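[1] what follows is a predicted structure for the sequence shown.
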Amino acid sequence: MKIIIAGEGKMGATLTRQLSAEGNDLTLIDSNPKVLESSEERYDIMVVQGNCVAMDVLLKAGVKEADLLIAVAGADEVNLLCCMTAHGINPKLHTIARIRNPEYANQIYDLRSTYCLSMAVNPEKQAGKEIARLLKYPGFLKRDTFAKGRVEIVELRVDEKSKLCDAALAEIHSIVKCKILVCAVLRDGTSVIPDGNFVLRSGDRIFVTASPDELALLLKNLGIITHKVKNVLLCGGGRVSIYLAKELMGSGMNVKIIEQDPDRCLQYAKMLPGIDIFTGDVSSQYTLESQGLNDCDAVVTLTGLDELNMVVSLYAARAGVPQVITKLGRLDNATILGNVALGSVVSPKELCCNIILRYVRAMQNQEGAALSIHAIADGQAEAIEFQVEESALHCREPLKNVRLRNGVRMACITKGSRLEIPNGNSFFDKGDRVIVVTDRGKQVYQFNDIFQ
Amino acid sequence: MNYRMVGKFIGKILMVEAVFMIPSLFLALWDGEPEVVRAFAFSMAITLVLSLFLSYWGRSSQNKFYAKEGLACVGLSWIVMSLVGCLPFWFSGAIPNFVDAFFEIVSGFTTTGASIMPYVEGVSRGILYWRSFSHWLGGMGVLVFLLAISSVGGTDNGFTMHLLRAESPGPNVGKLVPKMKQTASILYRLYIVLTIVNVIFLLLGGMSLFEAICTAFGTAGTGGFGIRNDSIAGYSPYIQNVCTVFMLLFGVNFSCYYLLIIRQFKSVLKDEELRLYLGIVAGSILLITLNLKGFYSTLGETVRHAAFQVATIVTTTGFATVDFDLWPGFSKAILLMLMIIGASAGSTGGGFKCGRVLLVIKSLRRSVHQVVRPKHVEVVRVNGEPVDEKVLQSTNAYLAAYCLIIACSFLLVSVDGHSITTNLSAVLACFNNIGPGFELVGPTCNYAAYSTFSKLVLILDMLAGRLEIFPVLILFSRTTWRRR
């Protein structure tokens, strides 16, 4: 597919990596030649230097033949204008714009056709929703839902005290006494699709498939105590904080925001009734302690600096806060983090990229295409949901007779409302929904791609 | 330096080379020449074994490939490719001396066309085919071919840009379409179509199929190996004119043809490099025709010879229809200038390239303006688009490296004791991938007179000229070979 990406920032770069790996014809537009040069050196793409709103630049980037334009430049207005201009040149073009200003949030959806948008994405809003979900159902580092909420893939950390430490996956059922499947393990920054002989070590982050009911049981049997979050401390007041605070407003939690800029605090106080807002520098231990960090049930670090977020999260984890959530702008350096206890990591950029990737794959609209895709294990693995269609191979065959590709694991089969964690005797049939977990770069686009 | 990855690449290239030896093998079988058949069979076996060994050695390499690896890969693969490519000549006894055989194949791959074989008419057709085919493969580049047929390097394969940049001539190489594989295959498709059209035109002139194909290879790669002792001189005026036209066509930037296909006629017409190239050709033909007054019996013949010689030199092909060494000094001076200027960037020709001449002239003009008006800010433009300062810088650096290498090679070659004209023209002819020079290396003579040492110097010159200096130069730099 011919795709144009306007604006090669953090998000543009992630999209470039993903979309070029999936074999699309990519053209990048950016006004900074240095950024373009470094992208051109890394990926098989074409670059056009210039203002992405200018018509001649868009024409040079081949907007007439393009199928999709993704506008992820710095300013919302530029993205909108870019999409409108491009759509004016090529009415058949699909357009996706990133719109992040909270003041525009409502009108974007209502006036989509006026703005010529096929879809608008809002990373901060998405992150706010995601964090709110983690806070409402504590206990896991990350959770992704599939099959209309019937299946979840959750992330757990194995530490030394855990019952799972030094256990082989084959014997895991006797420990947790519930039906779960470990579908991916992140060890020392690389993801592994494990088999039964795989032995867990402390520091591993494991990705588990189960139904929501089983998950509660899992937490109980593992001795992970969860209690409802009452007091939340948001460190740093950015756009994510606003969206998150809005999400949490009706939930009965006490939300506190610490923000450095007094003017902004005033603005937020007007905008967010019922939320406590304090002026202060979150990088100082004194501020954090005086705002009762030690008594919080959850701390979310949301400043604009990744480094600061990490440090504050480490401090909070050390102080014994049960749930810590860290926002990181860039995940490409996530391998450095390794085993650092940052709690849940949420990356707005990554969330949005997933949404856009889903849109792109849906546009390709092949038979047997994925229903949804979630990047797990720091983007190193993917959980993909498929509907089993007429053309699917190996229907009704026991799985022990079916050879899957290396690095591909079937995580779950849902038959109607019944959920099955697959073993050798399981099978799938037409109409079932199947979730598979694959290494990144395995390029599974259709259901039949998972077989050898 | 990622040695294993480079090894894997070279293994793939050798595989391609072994496959391309098959036609020669069959030709030799057809002609019933057991010597040549054995030579090709042995060469193919050696190439294959080497290829498999390198692929095996590099099988688990990481895809960490950067500018350095790209450049080194191109430089090394051309040397290795030539080392195994010369084996058929050596084994078959067509060229008994190994260095001579090496010289011949490097001359072939770099599309120089400088030969050490005094007589080619008695040589086996398999050998002649391989010799001419080396021009065709070297013209567009073997790595570009590899990029066109296989997806190299998996997902993060932006590094292929370095390969294209290193192997395609010109100051500012870019892709035609977003995908490297498609870009490479568009280039090769254009190349193949033009070659086939050339063959058809030659066949219409009454050439035999074998001769037409070999001549077309020589023309397409702007190489210049003939299959007759007198090159093209013995053929009819029609064939000479066909050669003139096609040599000039292959000296045009291939992206112009792509623009024609996607119907952007205006940008082709306004292309400054194309205009300069055609202007130089037309001007040179005119001046030489005037200068040659009375040399040939009719004006038509004079124009034909002038046009052929201008085309053969400016596109750095190196065919010949007359001994231009006998021409008056002014005509020879023009030809010497054309040797240096060369063809367009992005063509199969060699030389300094019209595109670079354009940039050097324009930046020189800017420098002059800046002396007069120091505070005036001026941007160099080509085709109305501002040129990046980096490109200008690297063009100037290229000019410096170009002059330096010519000077050094000239000194080294002079040890043999030939005349200044011979030595200088030999260095220029090899470095610019032309073939014939003046006097002892003139169109009727060959390079057999030089010593082994000089031949090695000229071999390096040919490689440096074809790959535009840097891929060869970095092989001599210690930083290249460090692990990182």
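    Arrived safely, thanks for sending.

[2] for the residue in the stretch 351-484 of chain B positioned nearest to chain A, what are its contacts?
    In the stretch 351-484 of chain B, the residue that lies nearest chain A is B:D388 (7.2 Å; CB to the nearest CB). In short, each C-beta sits where N, CA and C put it, glycine included. If a contact means CB atoms under 8 Å, 6 or more residues apart in numbering or on different chains, then B:D388 has A:P33, B:N172 as its contacts.

[3] may I ask which helix or strand encompasses B:G346?
    Taking DSSP states H and E as the definition, B:G346 sits outside all helices and strands.

[4] ranges for the strands of the stretch 201-350 of chain A?
    A:205-210, A:231-235, A:254-259, A:276-279, A:298-301, A:323-327, A:344-346 (DSSP state E, counting those that start in this stretch).

[5] same check on chain B?
    B:381-382, B:385-386 (DSSP state E).

[6] need the winner for burial among these.
    Ranked by mean neighbour count, these are led by strand B:381-382 with a mean of 14 (mean count of other CB atoms under 10 Å in any protein chain shown).

[7] which elements pack onto that one?
    In terms of contacts (3 or more CB pairs under 8 Å, 6 or more residues apart in numbering or on different chains; DSSP states H and E), strand B:381-382 is packed against helix B:354-372.

[8] list the buried ones in stretch A:178-194?
    A:178-187, A:191-194 (16 or more other CB atoms under 10 Å in any protein chain shown).

[9] span of that stretch from start to end?
    19 Å (CA to CA, to the nearest Å).

[10] so it, near chain B or not?
    No. Applying CB under 8 Å from any CB of the partner chain, one finds stretch A:178-194 out of contact with chain B, separated by at least 13.3 Å.

[11] and that stretch, average pLDDT?
    For stretch A:178-194, mean pLDDT is 82.

[12] that one: how far from the chain's middle?
    17 Å (CA atoms, centre = their mean, to the nearest Å).

[13] stretch B:295-315 too?
    22 Å.

[14] equivalent analysis for stretch A:354-371, please.
    Using CA atoms, centre = their mean, the mean C-alpha position of stretch A:354-371 is found 16 Å from that of the whole chain.

[15] so of the buried residues of stretch A:178-194, which ones are in strands?
    Those of those lying in strands (DSSP E): A:L181, A:V182, A:C183, A:A184, A:V185, A:L186, A:R187, A:S191, A:V192.

[16] pick out the most distant pair among those.
    A:L181 and A:R187 (17.5 Å; CB to CB).

[17] shaky segments in the stretch 151-300 of chain B?
    Confidence mapping of the stretch 151-300 of chain B against pLDDT under 70 gives the ranges B:151-158.

[18] excluding chain neighbours, what is closest to A:L217?
    A:C178 (4.5 Å; CB to CB, 6 or more residues apart in numbering or on different chains).

[19] the one you found contacts A:L218, correct?
    Yes. Applying CB atoms under 8 Å as the test, A:C178 and A:L218 come out as touching, 5.5 Å apart.

[20] find residues that contact each of the two.
    In contact with both A:C178 and A:L218: A:A210, using CB under 8 Å, 6+ apart.

[21] can you classify the residue in the stretch 51-200 of chain A that chain B sits nearest to as helix, strand or coil?
    Of all residues in the stretch 51-200 of chain A, the one sitting closest to chain B is A:G62 (8.4 Å; CB to the nearest CB). Under the three-state scheme (DSSP: H, G, I helix; E, B strand; the rest coil), A:G62 adopts coil.
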